[in-house]
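Q: A structural model of the following input is requested.
(2 chains)
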2 protein chains.
Amino acid sequence: MARDDEVVLLDFWTSPYALRVRIALAEKGVAYQHKEENLWDKSPLLLNSNPVHKKIPVLIHNGKPVAESLIILQYIDEVWSDRCPLLPKDPQQRANVRFWADFFEKKIDASGSMTWRVKGEAQVAAKNEFIAQLKLLEEELAENPFFGGETFGYMDIVFISFASWFYSYEKSANFSIEEECPRLMAWKKRCMERESVLKHLPEPEKIYEYMCSIKNKWKME
Amino acid sequence: MARDDEVVLLDFWTSPYALRVRIALAEKGVAYQHKEENLWDKSPLLLNSNPVHKKIPVLIHNGKPVAESLIILQYIDEVWSDRCPLLPKDPQQRANVRFWADFFEKKIDASGSMTWRVKGEAQVAAKNEFIAQLKLLEEELAENPFFGGETFGYMDIVFISFASWFYSYEKSANFSIEEECPRLMAWKKRCMERESVLKHLPEPEKIYEYMCSIKNKWKME
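A: From the prediction side, this is the model:
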């Protein structure tokens, strides 16, 4: 990284997508300016930096914005390629972690958020789907310490960024991830031992309070 | 590529996702065995190669499967990196083409298919959304010959693979992409001059017939 690199992260504290970027930057040891957004009154900087989606996170590197968390992670890995690789080198392994990150985005993210957004039968269905998907991830993890194999990497960041939300999912839909997927919970504990994760993950109880405030705001209960 | 490389593509002739892989392999000059799947009676090879999504395309390279078209394109670019780069080298430019490919997957793909899957007001809304999204792409293309700038690349492949479906969208929802986005149509013609594209794109009329047969099968009319 050149000395005059300027890195800015447009962020929001409960966002697991933004958290991915915080963890990746910490893993790479990249210093950055953190700008907390008000999602109900977005800044001109956010609207100009991500005019298509108008969403955080946005990483602004030397004045040039990069949006969408998975794309930002790959960007970070490519720019600061001299340290702590996030993606493996081997194309087959790269495709594999990209596959599971994509699976997370398309499937788990949706079913997880439905565990608290809906009630009754739909909630039970969402919970069952969420657990079934977690079990696929547990199978993929197998006996490895991390999704990246021996080292913490891309897919670990993609997934662990949602860990603070697990408590809200469990409390909303009345289940225990620990009981359903003990190996995933052991993986989570290993991730939590990393400073990059521990330092940036919000407290689960605070996420739960936030979730309750959102449900109240949207008159979901 | 080693001489003993074995490349197999699990394919279906109307699929724009599979077409992406065909075009990329043609651009790279990679020989492969083509296996047409019956999507109503999927082969054990497909089910075993992509047990999570059970979808084509799957690229099987020396016995190891890679699924999801965007991931396959990146895999192809990484394995056969000595010729015809699909993604640019610069991280900022790579992030940019990944952004638009992701936008295509999340937005345009959905609104495009809704132009023929629904009727009435929902169809008009889908058409308007589709056109608005195409205009964003046209803006991104600007005065460049290709989305990759001077050269045909990743985002060109992602988008052009849907060109055979345009006729079905237009005929279903009664509009003209040529009238709405003339620069995109000029881009389409430039892409069609490439052998990799021309040789593999299905005829629009055949896609329309296929679409009608699907609507009939699903009793959509």
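Q: partners of A:L59 in the sheet?
A: A:L59 forms beta bridges with A:L9, A:V66, as assigned by DSSP bridges.
Q: any idea how far it is from B:Y154?
A: Counting by CB to CB, to the nearest Å, the gap from A:L59 to B:Y154 is 20 Å. For every residue, glycine as well, the C-beta is placed using N, CA and C.
Q: what do you get for A:F146?
A: A:F146 is 29 Å from B:Y154, where distance means CB to CB.
Q: between the two, which one's more packed in?
A: Neighbour tally, A:F146 and B:Y154, criterion other CB atoms under 10 Å in any protein chain shown: the higher count belongs to B:Y154, 24 against 17.
Q: The nearest residue to that one once chain neighbours are set aside: which element?
A: Nearest non-adjacent residue to B:Y154, counting by CB to CB, 6 or more residues apart in numbering or on different chains: B:L86, 4.5 Å away. If you go by DSSP states H and E, B:L86 is not part of any helix or strand.
Q: got a list of what B:L86 touches?
A: By CB atoms under 8 Å, 6 or more residues apart in numbering or on different chains, B:L86 lies in contact with B:24, B:27, B:73-74, B:76-77, B:148, B:153-154, B:157.
Q: and the two most separated of those?
A: Between any two of the contacts of B:L86, the greatest separation by CB to CB is 15.0 Å, found for B:I76 and B:G148.
Q: so what's the closest residue to A:V79 other than its chain neighbours up against?
A: Excluding the flanking residues, the one nearest A:V79 by CB to CB, 6+ apart is B:P91, at 4.9 Å. Contact analysis of B:P91 by CB under 8 Å, 6+ apart lists A:75, A:78-79.
Q: By neighbours, which of the residues you listed wins?
A: Going by other CB under 10 Å, A:Y75 tops the contacts of B:P91 with 25 neighbours.
Q: For the residue nearest to B:Y154, give its distance to chain A.
A: 13 Å (CB to the nearest CB, to the nearest Å).
Q: List phi and psi for that residue.
A: Phi and psi for B:L86, reported as degrees, to the nearest 10, are phi -90, psi -40.
Q: Return the distance of it relative to A:E68.
A: Note on B:L86: its distance to A:E68, by CB to CB, is 19 Å.
Q: Then A:I76?
A: The value you get for A:I76 to A:E68, if CB to CB is used, is 13 Å.
Q: Give me the secondary structure label for the residue nearest to A:I160 when sequence neighbours are not counted.
A: Closest residue to A:I160 apart from its sequence neighbours, by CB to CB, 6+ apart: A:C191 at 4.4 Å. State at A:C191, reduced to three classes by DSSP: H, G, I helix; E, B strand; the rest coil: helix.
Q: tell me the contacts of A:C191?
A: Contacts of A:C191 by CB under 8 Å, 6+ apart are A:146, A:152, A:156, A:160, A:163, A:197.
Q: Among the residues you listed, which one sits closest to A:A186?
A: A:A186 lies nearest to A:F146 out of these, by CB to CB, at 11.2 Å.
Q: Give me the phi and psi angles of the closest one.
A: phi -130, psi 160.
Q: what residues are up against it?
A: Residues in contact with A:F146 (CB under 8 Å, 6+ apart) are A:152-153, A:156, A:187, A:190-191.
Q: Let me know the pLDDT of it.
A: Per-residue pLDDT puts A:F146 at 97.
Q: With A:F130 instead?
A: pLDDT, A:F130: 96.
Q: Over to the one 4 residues further on?
A: Each residue has a pLDDT score; the one for A:L134 is 96.
Q: Likewise for the one 3 residues further on?
A: Taken from the predicted model, the pLDDT recorded for A:L137 is 97.
Q: do A:A2 as well
A: Model confidence at A:A2, given as pLDDT, is 53.
Q: Also A:P202?
A: In this model, A:P202 carries a pLDDT of 96.
Q: Spatially nearest residue to it (excluding sequence neighbours)?
A: A:S164 (4.8 Å).
Q: Run a quick check on the one you found versus A:I23, I expect a contact.
A: No. Judged on CB atoms under 8 Å, A:S164 makes no contact with A:I23 at a distance of 11.9 Å.
Q: Which one's more surrounded, the two?
A: A:I23 (25 against 21).
Q: Would you mind measuring from that one to A:I76?
A: Distance from A:I23 to A:I76, by CB to CB: 10 Å.
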